[in-house]
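1. need a 3D model of the following:
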Amino acid sequence: MTLQDEIKTAMSSVGLALSDDMLSRCVGISTNLHVTPEQLAETWEAHSLNSNVNELNNLTFDAYRNALRKEFDSTSGTGGARPRQSSSGIKVEPGTSGAVVSRAELGKRNNNNASALVTPPPSKRHNLGGGGGAADAATSAVDTVGSTTPADSPNGKKATGNAITPAPSTMVKPLRTAKYGERTNVGQTVATYNPDNLPEYSSSAADGVDDGAPRCTIDSQPRGSHNVTKPYRYMFTPLEDRAKALDDHLVGLGEEIMERFDIKAGIVKKEEQAEGAEVGAADKAAIAPLEAVGIPRQDAVCCIGRICNEAHEGKINRTSVLLEGSRHHSNGARVNLDLSSLTSSGTSYSLFPGQIIAVEGLNSSGRKMVAQRICEGAARPSAKTSVDSLMRYHHGATDEACQDGKPLKIMAMSGPYTTSDSLDYEPLLDALNQIREDRPDVVIMTGPFVDMRQPDIASGNIFLEFEDGGGKMNVTCEALFVNKVAAAIESLYEEDPTMRTQFILVPSLDDAVAEFVYPQPPLSDRLKKPKVMKLPGAEGIEYGTLGLQHIETAGRGDERGFKRVHCVSNPCTLQINEVIVGVTSTDAMLHISTDETNANLEPGSRLSRIAQHLLQQRSYYPLFPPPAAQTMATNVDLAHMNEWSMPCQPDLLIIPSKLTTFAKKVLDHSVVVNPGMLTRGSTGGTYAIMDVHPMKRDMLESAGADIKMENSLPDRVRVDIKRI
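-> From the prediction side, this is the model:
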């Protein structure tokens, strides 16, 4: 495949079609700056969102080129491949994955050492130098020829006379990718949400000695939720059932839109007018009567339907928007939407395939509807909690799983948890060291934990080396999770059994140890009872398990305590004390952004608008059909469509995305957080820390115990997104 084809494919994967002129310019800038087609596409994604541009043409190319130069036009030294050190100090030759474990770690666990994973303290790992635990990429530079020493001729004689000294090569040295161990911005805050100037809470300093009792309760199945609880059969849904699921969703949300915006059927409007009711200003401003899609009318009407793309391939645009009605009300009819009136009048809109909306306009021919007003869905009501429960959660004693008047600290991070050039899982170890220091109450970890797109994992070169130098073993993805993820979390509780942190694990569609279907069941063992290998050299190694059961017993012995690890579905709706938390590891924001058309949006509001779509559509994944690009493959099971719906408007919505990290208030009652990825390629990424402050005691005491109040999370939360 030529460079032109690679660039064209990469750009099309993010929804950008290049003209021949723009393709030629991209090839030139890729050659000059030594930027890969994937990096061109990733930079365009970020630039298009930040600058609110959808097309690459003569007017927008200069700004895009400046963004590329700002990110990639830098010089750095190169060096040959050299032996590196893993996080445990073992030298590894270039070309190996470098994951190091002990024989005991792969073998039987014993009571004296329930986790044989070596987790060195931060001082040891951070003093390894620039190489850290990441392998150096091959960055061979072109040698410059400038020696004045006479060269040997082919026949063995010395060259005589005026020897011509070749000029040094003017070729640009290939850009060396930054490595994880070489990052210099550790702990830097990249985004903050703190409208009320709340102080940063330090649980370790304020609470003193930790007695091991949790300060919150986690309900993985709150009232009204539809979270998947166990694996199910998929890929067996008949076409009729899929069509019925889509139609039921359209009818259900359509009825909610009618109620929210007071849309009435045409016959009801006529009856009210026949009764001689006086028409006021409010009635004149009301939405036109409801009509089936595709029925010609000379007066303004309102139609409810699903947005579709007229073209079978490519990104939706303002000239290819269709509105599809329900089978029950419109017999599945479709009509073209003319958005020119909205665009010229300055009215903002944002549309994508699968979106359920109400459109007011004129449809005199039955084939094209001139849109005059759009209602982009209707969010569910936010959750409310009784004053008595709020008083117990916020000001109850710590030994009763309450906050005792102190803030609740929640940390959120998203995979991948290891870099693209190593299986050392150094970013995960650094994150766990941060957890050891900050001691948050809850850590929400979304996958992928074992990333199928990581080169070593994708090629099957998953090797775990023995610390005693006795060789290495090619293991399964399941064994990699056991020895690198589960064992690392287990080591926290082995070192400090009184740690009260609870972990919430959310799988990803890119996880090699999870089902590839959306909605996604929780992480679970393949076998109900793990078995032990009896092969020579692998005696005592467990298989059929993810090893999470050992975390519950680490440091406790035979004693029982609170549940340390909660495995939940993707997506899921949780309740942490009174706070309703919605989480999905699928990058719905990126998927919508690559197949969306909009106009007249306020500068810098596009990310908030996309997040708003999820709330207004009452869905963690409202896009249909999913993107065709392989890098964004999403295997949705429409028969379980109800299980990725939102039971209420969540107080906190965590949606990890490759797009720009942010934390913002959306629709008055929700705080939407994109913590970013813990790793980005071969370097570090970001994570989020949220301090949820309690309501004031005197305010709660002055209210009645039976009264239900809004949780009001946006007014009492501080969010900091930091670099790992």
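2. backbone torsions only: list them for the residue nearest to Phe449 when sequence neighbours are not counted.
-> Leaving out its chain neighbours, the residue that sits closest to Phe449 by CB to CB, 6 or more residues apart in numbering is Val485, at 5.1 Å. (Glycine included, C-beta is placed from N, CA and C.) The phi/psi pair for Val485 (degrees, to the nearest 10) reads phi -100, psi -60.
3. low-scoring stretches of the stretch 251-400 of the chain, by residue?
-> 266-285, 398-399 (pLDDT under 70).
4. going along the chain, name the strands of it.
-> 297-309, 321-324, 334-338, 349-351, 356-363, 368-375, 384-386 (DSSP state E, counting those that start in this stretch).
5. make TSV from those strands and add mean neighbour count to it.
-> Shown next, in TSV, are those (neighbours: other CB atoms under 10 Å):
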stretch	mean neighbour count
strand 297-309	21
strand 321-324	22
strand 334-338	21
strand 349-351	22
strand 356-363	24
strand 368-375	20
strand 384-386	16
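6. next SSE downstream of the helix or strand containing Met699?
-> Per DSSP states H and E: Met699 is located in helix 697-702. Sequence-wise, the next helix or strand downstream of helix 697-702 (DSSP H and E) is strand 708-710.
7. name the residues of the helix holding Met699 that are buried.
-> Residues of helix 697-702 classed as buried by neighbour count (16 or more other CB atoms under 10 Å): Leu700.
8. same deal with stretch 338-348?
-> By neighbour count on 16+ other CB under 10 Å, the buried set for stretch 338-348 is Asp338, Leu339, Leu342, Thr343.
9. what about the spatially closest residue to the second one that is not a sequence neighbour, distance to Gly377?
-> In this case it means Leu339. Of all residues not flanking Leu339 in the chain, Arg318 sits nearest, at 4.9 Å (CB to CB, 6+ apart). Using CB to CB, to the nearest Å, Arg318 is found at 19 Å from Gly377.
10. averaged pLDDT, stretch 693-707. What do you get?
-> Summarised as a single mean, pLDDT over stretch 693-707 is 87.
11. next one: stretch 21-37
-> 87.
12. now swap in stretch 600-609 and tell me
-> Mean per-residue pLDDT for stretch 600-609: 88.
13. ok, and what's touching that stretch?
-> For stretch 600-609, contacts defined as CB atoms under 8 Å, 6 or more residues apart in numbering pick out 49-50, 52, 342-343, 346-350, 589, 593, 598, 659-660, 662, 664, 666, 672, 674.
14. that stretch: end-to-end distance?
-> 12 Å (CA to CA, to the nearest Å).
15. which of the helices and strands in this protein ranks last by mean pLDDT?
-> The weakest-scoring helix or strand in the chain, judged by mean pLDDT, DSSP states H and E, is helix 122-126 (a mean of 36).
16. ok, then the element right after it?
-> strand 189-193.
17. and that following strand, how far from the chain's centre?
-> Centre-to-centre, strand 189-193 and its host chain are 17 Å apart (CA atoms, centre = their mean, to the nearest Å).
18. in JSON lines: the strands of the stretch 251-400 of the chain, plus distance to Ser524.
-> Converted to JSON lines, these look like this (distance: least, CB to CB, whole Å):
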{"stretch": "strand 297-309", "distance to Ser524": "34"}
{"stretch": "strand 321-324", "distance to Ser524": "38"}
{"stretch": "strand 334-338", "distance to Ser524": "42"}
{"stretch": "strand 349-351", "distance to Ser524": "38"}
{"stretch": "strand 356-363", "distance to Ser524": "33"}
{"stretch": "strand 368-375", "distance to Ser524": "41"}
{"stretch": "strand 384-386", "distance to Ser524": "31"}
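19. ok, which of the ones you listed comes nearest Phe481?
-> With CB to CB as the measure, strand 384-386 is the member of the strands of the stretch 251-400 of the chain nearest Phe481 (36.5 Å).
20. listing partners with orientation, what would you give for the closest one?
-> Applying DSSP bridges, strand 384-386 is found paired with strand 708-710 (antiparallel).
21. and for the strand it pairs with, what's in contact with it?
-> Ser382, Lys384, Thr385, Ser386, Val387, Leu390, His669, Ala703.
22. which residues are in contact with the closest residue to the last one other than its chain neighbours?
-> Nearest-residue entry for Ala703: Val387, 4.8 Å, with adjacent residues in sequence omitted and distances by CB to CB, 6+ apart. Val387 sits next to Leu700, Ala703, Gly704, Ala705, Asp706, Ile707, Lys708, Met709 when contact means CB under 8 Å, 6+ apart.
23. out of those residues, which one sits closest to Asn635?
-> Once CB to CB is applied, the member of these that ends up nearest Asn635 is Lys708, at 39.5 Å.
24. can you point out the buried residues in the longest helix seen in the chain?
-> Ranked by number of residues, the top helix in the chain under DSSP state H is helix 239-260. Neighbour counts over helix 239-260 (16+ other CB under 10 Å) mark Ala245, Leu246, Asp247, His249, Leu250, Leu253, Gly254, Ile257, Met258 as buried.
25. in CSV, list those residues along with distance to Asn331.
-> Converted to CSV, the buried residues of helix 239-260 look like this (distance: CB to CB, whole Å):
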residue, distance to Asn331
Ala245, 18
Leu246, 15
Asp247, 11
His249, 17
Leu250, 13
Leu253, 19
Gly254, 15
Ile257, 20
Met258, 19
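26. closest one of the residues you listed to Trp644?
-> Once CB to CB is applied, the member of the buried residues of helix 239-260 that ends up nearest Trp644 is His249, at 10.5 Å.
27. quick one: the closest one and Ile356 touch, right?
-> Yes. The criterion here is CB atoms under 8 Å, and His249 meets it with Ile356 at 7.4 Å.
28. what separation do you get for the residue nearest to Ala703 and Cys402?
-> The gap separating Val387 from Cys402 is 15 Å, by CB to CB.
29. for Glu38, same thing?
-> Distance from Glu38 to Cys402, by CB to CB: 48 Å.
30. do Ser619 as well
-> For Ser619, the distance to Cys402 equals 33 Å [CB to CB].
31. just to revisit the earlier point, more neighbours: Glu38 and Cys402, which one.
-> Higher neighbour count among Glu38 and Cys402: Cys402, with 23 against 16, using other CB atoms under 10 Å.
32. close enough to count as contact, that one and Arg215?
-> Yes. Taking contacts as CB under 8 Å, Cys402 lies within contact range of Arg215: 6.5 Å.
33. got any ranges where the stretch 401-550 of the chain has weak pLDDT?
-> 467-470, 536-540.
34. in it, which spans are helices?
-> 426-438, 455-459, 477-481, 487-495, 549-553 (DSSP state H, counting those that start in this stretch).
35. TSV please, covering the ones you listed and showing mean neighbour count.
-> Formatted as TSV, the helices of the stretch 401-550 of the chain follow (neighbours: other CB under 10 Å):
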stretch	mean neighbour count
helix 426-438	20
helix 455-459	14
helix 477-481	21
helix 487-495	22
helix 549-553	18
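36. so what's Ser569 closest to, chain neighbours aside?
-> Closest to Ser569 by CB to CB, 6+ apart is Val228, at 3.9 Å.
37. so that neighbour touches His640, yeah?
-> Yes. Contact criterion CB under 8 Å: Val228 and His640 qualify, at 7.2 Å.
38. residue contacts, the residue nearest to Met391 when sequence neighbours are not counted?
-> Computed as CB to CB, 6+ apart, the closest residue to Met391 that is not its neighbour in sequence is Leu700, at 4.9 Å. Contact partners of Leu700, counting by CB under 8 Å, 6+ apart, are Val387, Leu390, Met391, His394, His395.
39. next up, the contacts around the last one.
-> What that stands for is His395. His395 neighbours (CB under 8 Å, 6+ apart): Cys402, Gln403, Asp404, Gly405, Pro694, Arg697, Leu700.
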